[in-house]
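Student: Output the structure for:
(chains A and B)
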2 protein chains.
Amino acid sequence: MKLKAKYIDMDSGEITVLLHADDCQEMGIAEQDRVRVKHESSTVTAIVQTTDTYIARGEIGLLGRAFNYIGPEAGELLDVVPTGKPESIDYIRKKMDGQQLTRDEIHTLVNDISSRSLSSVELASYITALHINGMNLRETADLTMAMVETGETIKFDRSPVFDFHSVGGVPGNKVTLLVVPIVAAAGLLIPKTSSRAISSAAGTADIVETFAKVDFSANELKHIAETVGGIMAWGGGLNLAPADDVIIKVEYPLGIDPHAQLLASVMSKKKAVGADFLLVDIPMGNGTKVPTMDMAKNYARDFIDLGERLGIRVECAITYGGQPVGRAIGPKLEAREAIAVLEGKESPNSLVEKAISLSGIILEMGGIPGGEQKAHDLLSSGKALAKFREIVAAQGGRADIKSSDFEPGKFAFDLPAKKSGYVSAINNKQLVRIARAAGAPKDKGAGVYIHMKEGSKVDEGQSVMTVYADNDAKLQEAISLCRKLSPISTEGMVLARVPGFKGLRV
Amino acid sequence: MKLKAKYIDMDSGEITVLLHADDCQEMGIAEQDRVRVKHESSTVTAIVQTTDTYIARGEIGLLGRAFNYIGPEAGELLDVVPTGKPESIDYIRKKMDGQQLTRDEIHTLVNDISSRSLSSVELASYITALHINGMNLRETADLTMAMVETGETIKFDRSPVFDFHSVGGVPGNKVTLLVVPIVAAAGLLIPKTSSRAISSAAGTADIVETFAKVDFSANELKHIAETVGGIMAWGGGLNLAPADDVIIKVEYPLGIDPHAQLLASVMSKKKAVGADFLLVDIPMGNGTKVPTMDMAKNYARDFIDLGERLGIRVECAITYGGQPVGRAIGPKLEAREAIAVLEGKESPNSLVEKAISLSGIILEMGGIPGGEQKAHDLLSSGKALAKFREIVAAQGGRADIKSSDFEPGKFAFDLPAKKSGYVSAINNKQLVRIARAAGAPKDKGAGVYIHMKEGSKVDEGQSVMTVYADNDAKLQEAISLCRKLSPISTEGMVLARVPGFKGLRV
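Tutor: Numbering: from 1, shown residues only, chains lettered A, B, ... in the order given. Predicted coordinates for the structure are as follows:
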């Protein structure tokens, strides 16, 4: 059928065209079927949406992505022919039926995902089937490699390449800002890419961009990392394993992250930058992605085994994630806290300890004996700070960066303890909700600073944490959330009294 | 946040609003999150799509459905507040995790489905989880009742109410056109609703609308059925169990129809019209929905057990579906063939036999002994034809309708047998593809007429079937499909020679 092109200045996750319902019936196709659209020498396969108002009979509406592929002038006639579903649909069915997928099937599927050839309905079905029926290690390795091969890859001139990843789920985990400069100060190459927050209060990229550029091309990243030994870049701008971005768009609304997909998502990005050695931080505890030790050990085993299949030597550190790492949550607050550690202004605490331990492991993977002591020395001697400033300058930030440069939001609120006693529980998820209500990660000064950690003694009315915001309206929202929730609970030392008898019997 | 209303003359399956990406970030929400939109006294919860071109900052684009709910003037300021996901998402997660859903959970879920409160991503996840993990009988009954209660219901003044359903999957199954008049001629009330073709060459509603009106309100349907004893209406216009229509939109692109959903889909429509007795036709054989006898018996058991829980007395007939019922496939061709049977112009064949057997079972369910003989008598005496004409007239058709009124498409092609022998196989699915390529069900004269059934003797070059189309272009498409496929295979009587020894040994 010949249809007149009409550009629609809007985009959907997939390659979509809008057709009039009567034209669809004429062609014997329905909503969600596919058509091949041809214009001169370019062709695109698009998913059909039907309408009987927005598009007239004889017209075809091309949404942004579909338009870019074939680029007609408005009103030009395009050749539109019904076409079948991609094979990938059969492979999704196979996974629904609990079968293993072959290497070729997985490659076809990932290729269709990254080229936006699957509809969100099909993607949601894939992710649900994967969540329920899983993938074995061989399939997961094939999935990872398919994700690598459908995206950009970076090849460094120096080797080996070291990398670090935190599974996430614990607020305030700004440890990357310390690990990268310590490891680079030891002379190892660590080109670290990070993500922005999806549901957290601040991803590493959100923190770093408060003081440096994070969005680089593959060539820029290579140049910076090779010159100064490390980088803290945003991975999202690099087109590494692009299928992942497409998949996240359906994982997020469903609130699921199938195990095999999580593994492949992490490892594909490491493989794409050519990592030889990788340390994975697995924060474990209430309110993280990994609530129990058994689960953490399984994650560790899977990362290590998958690494073996991919030619990456992986070690894992299971860390305590039951409460925030350090005291600051939110972009500027976290930047300030991390830099204060580099400056030696923070006394030993959970953040300092975690950074030294993790860096130490990476140094030992790199053949440096007594890694933890070495990491400690690099930090206390100021060499890590010097390296950090070098990296920041290479990323377009100020070479004299210091913690006192960072001012949190002007609007602040101190949350008082409801009663005297000890801090018995800190609720990670509630802290994140409050920090986000205050404006994090978008408002850089927004967030939460905790004065009391678990076990701290506290008097009624004493401030347990301060909420910061860049504007008053959001501060008020965060305050009302603080009042509704119990992000920091205090109890007397006796948590509950369990009587040994049920009272006197009459 | 206050945003200016902008109407978008387009619709999506769900209730959708378009927001500028920066406003979303400002509110701390992402694509696929939800907002509550308020205008004067009306409020709607909508799923967010983001854009940075089509909608300016400070604007909110309301797609058709969302607009209808709150109906602002263009440019009016609306109150937009982020809101959480519906509880239904938790129940979908529960089903993913293989758990049973309670009655209340199922009701909430179905309510959200029928009110279009779930996104297509969420619906696809539900259907996939249901396909994999299933539902037990109690859940399926709760699902059915929830689907009934979220739609319209019809209460007849006469009782009992008889009904009939065919699971489908066999082409040419125009048996409803015979069962309804035979049963009504016996004095039983049979208000039959049918669907249009989704992937078949002709649904009953597609056939009936070649000679009568099929789209009625609940009141019209009630009046016609009570006046003449039967009706052959399109169910889709009645808003019976509307959740089903929403679900089909995601089942279709995924090519799945979870067992519990299939059962609930059929039974909810029967319950909604107050059926007391129901006969279910289960065509069994290659290329149908039910390929084996074991599977057919399981289906039958499930329909009967579910009926018991719903207060519907169900019987099932497992019928032969390995080849088309009768010889005609396509709207007008099927109408002509069915009416010729009523006129007594067809000698006994698979269609006549099937119609008499099924009608006979319904008559016996209604307390009429010797049902099959009675059905035969009603047909051969012309009483069924008279009743058919009465029903057609009540549905706005001609009271003197006859088979010779129906002319198939003007463009025809005879498919010759490739070799002499016997018809060894008729491929249901290929016949449907060819009929659809020829224009069915949209082009009413399009379709296929089979001259040879399985076991028929045929000479090379003899016509095994005729393809009809309403225009030449589609006929050519159907012809090229005929040449590519083998809808009707012929073999010599010896199908294969199996030698008893492997040749002389040297």
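
Student: Quick one: distance of stretch A:467-477 to the chain centre.
Tutor: Taking CA atoms, centre = their mean, to the nearest Å, the mean C-alpha location of stretch A:467-477 is offset from the chain mean by 25 Å.

Student: now do stretch A:382-393
Tutor: With CA atoms, centre = their mean as the basis, stretch A:382-393 stands 25 Å off its chain's centre.

Student: Same question for stretch A:341-356.
Tutor: In this view, stretch A:341-356 has its centroid 24 Å away from the chain centroid, taken as CA atoms, centre = their mean.

Student: what does stretch A:306-316 give?
Tutor: Stretch A:306-316 has its average C-alpha position 20 Å from the chain's average C-alpha position, going by CA atoms, centre = their mean.

Student: ditto for stretch A:445-452
Tutor: Averaging C-alpha positions (CA atoms, centre = their mean) puts stretch A:445-452 22 Å from its chain's average.

Student: all helices for the stretch 151-300 of chain A, in order.
Tutor: Taking DSSP state H, counting those that start in this stretch as the criterion, the stretch 151-300 of chain A carries its helices at A:176-185, A:204-208, A:218-228, A:243-254, A:259-272, A:293-310.

Student: Which residues outside the fourth one are in contact with it?
Tutor: In other words, helix A:243-254. Judged by CB atoms under 8 Å, 6 or more residues apart in numbering or on different chains, the contacts made with helix A:243-254 from elsewhere in the structure are A:13, A:110, A:113-114, A:116, A:120, A:123-124, A:127-128, A:146-147, A:150-151, A:198-199, A:236, A:257-258, A:261, A:264-265, A:268-269, B:30-33, B:85, B:89, B:92-93, B:119, B:121-122, B:125. In short, each C-beta sits where N, CA and C put it, glycine included.

Student: Just the CA coordinates for it, please, in CSV.
Tutor: Output for helix A:243-254, consisting of C-alpha atoms alone and laid out as CSV, is shown next (Å, rounded to 0.1, in the frame of the first residue of the first chain):
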residue,chain,number,x,y,z
ALA,A,243,20.6,-3.1,24.9
ASP,A,244,20.8,-2.5,28.7
ASP,A,245,19.2,1.0,28.4
VAL,A,246,16.3,-0.5,26.5
ILE,A,247,15.8,-3.2,29.0
ILE,A,248,15.9,-0.9,32.0
LYS,A,249,12.9,1.0,30.6
VAL,A,250,10.7,-2.0,31.2
GLU,A,251,12.4,-3.3,34.3
TYR,A,252,11.9,-0.1,36.1
PRO,A,253,8.1,0.1,35.9
LEU,A,254,7.8,-3.6,36.8
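
Student: Next, the angle from it to helix A:259-272.
Tutor: Between the axes of helix A:243-254 and helix A:259-272, defined by axes from the mean of the first three to the mean of the last three CA atoms, to 10 degrees, the angle is 150 degrees.

Student: is any part of stretch A:66-75 close to chain B?
Tutor: No - no part of stretch A:66-75 sits near chain B under the criterion CB under 8 Å from any CB of the partner chain; the closest distance found is 11.7 Å.

Student: And stretch A:102-111, by the same measure?
Tutor: No - under the criterion of CB under 8 Å from any CB, stretch A:102-111 makes no contact with chain B; the nearest approach is 14.4 Å.

Student: Show the backbone phi and psi for A:Ala317.
Tutor: According to degrees, to the nearest 10, the main-chain angles of A:Ala317 amount to phi -120, psi 120.

Student: Mind telling me what element A:Asp104 is part of?
Tutor: A:Asp104 is part of helix A:103-114, with elements assigned from DSSP states H and E.

Student: Quick one: mean pLDDT for that helix?
Tutor: The average of the pLDDT scores along helix A:103-114 is 96.

Student: tell me what that helix is packed against?
Tutor: Applying 3 or more CB pairs under 8 Å, 6 or more residues apart in numbering or on different chains; DSSP states H and E, we find helix A:103-114 packed against helix A:88-96, helix A:120-133, helix A:137-149, helix A:243-254.

Student: Need the contact partners of it.
Tutor: Residues outside helix A:103-114 that contact it (CB under 8 Å, 6+ apart) are A:86-88, A:91-92, A:94, A:101, A:118, A:123, A:126, A:139, A:142-143, A:146-147, A:149-151, A:242-243, A:246-247.

Student: Can you check what pLDDT the model gives the residue positioned nearest the centre of chain A?
Tutor: Residue closest to the mean C-alpha point of chain A, counted by CA atoms, centre = their mean, is A:Ser195 at 4.5 Å. Per-residue confidence (pLDDT) for A:Ser195: 88.

Student: Which parts of the stretch 301-450 of chain A are strands?
Tutor: With strands called from DSSP state E, counting those that start in this stretch, the stretch 301-450 of chain A shows them at A:313-320, A:328-329, A:411-416, A:421-426, A:447-450.

Student: Mind putting those strands into CSV with distance to chain B, mean neighbour count and mean pLDDT?
Tutor: As requested, the strands of the stretch 301-450 of chain A are exported to CSV (distance: least, CB to the nearest CB, whole Å; neighbours: other CB atoms under 10 Å in any protein chain shown; pLDDT from 0 to 100):
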stretch, distance to chain B, mean neighbour count, mean pLDDT
strand A:313-320, 25, 19, 93
strand A:328-329, 15, 31, 96
strand A:411-416, 16, 17, 95
strand A:421-426, 22, 18, 87
strand A:447-450, 13, 28, 96
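
Student: so can I have JSON lines of those showing distance to B:Ile361?
Tutor: Output for these, formatted as JSON lines (distance: least, CB to CB, whole Å):
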{"stretch": "strand A:313-320", "distance to B:Ile361": "66"}
{"stretch": "strand A:328-329", "distance to B:Ile361": "70"}
{"stretch": "strand A:411-416", "distance to B:Ile361": "73"}
{"stretch": "strand A:421-426", "distance to B:Ile361": "66"}
{"stretch": "strand A:447-450", "distance to B:Ile361": "71"}
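
Student: among the ones you listed, which is nearest B:Asp163?
Tutor: Distances from B:Asp163 to each of the strands of the stretch 301-450 of chain A were compared using CB to CB; the shortest belongs to strand A:421-426, at 58.8 Å.

Student: residues making contact with that closest one?
Tutor: Identification of contacts with strand A:421-426 by CB under 8 Å, 6+ apart yields A:322-324, A:450, A:452-458, A:464, A:487-493, A:495.

Student: Now list the buried members of these.
Tutor: Among those, those buried by neighbour count (16 or more other CB atoms under 10 Å in any protein chain shown) are A:322-324, A:450, A:452-453, A:456, A:458, A:464, A:487-490.
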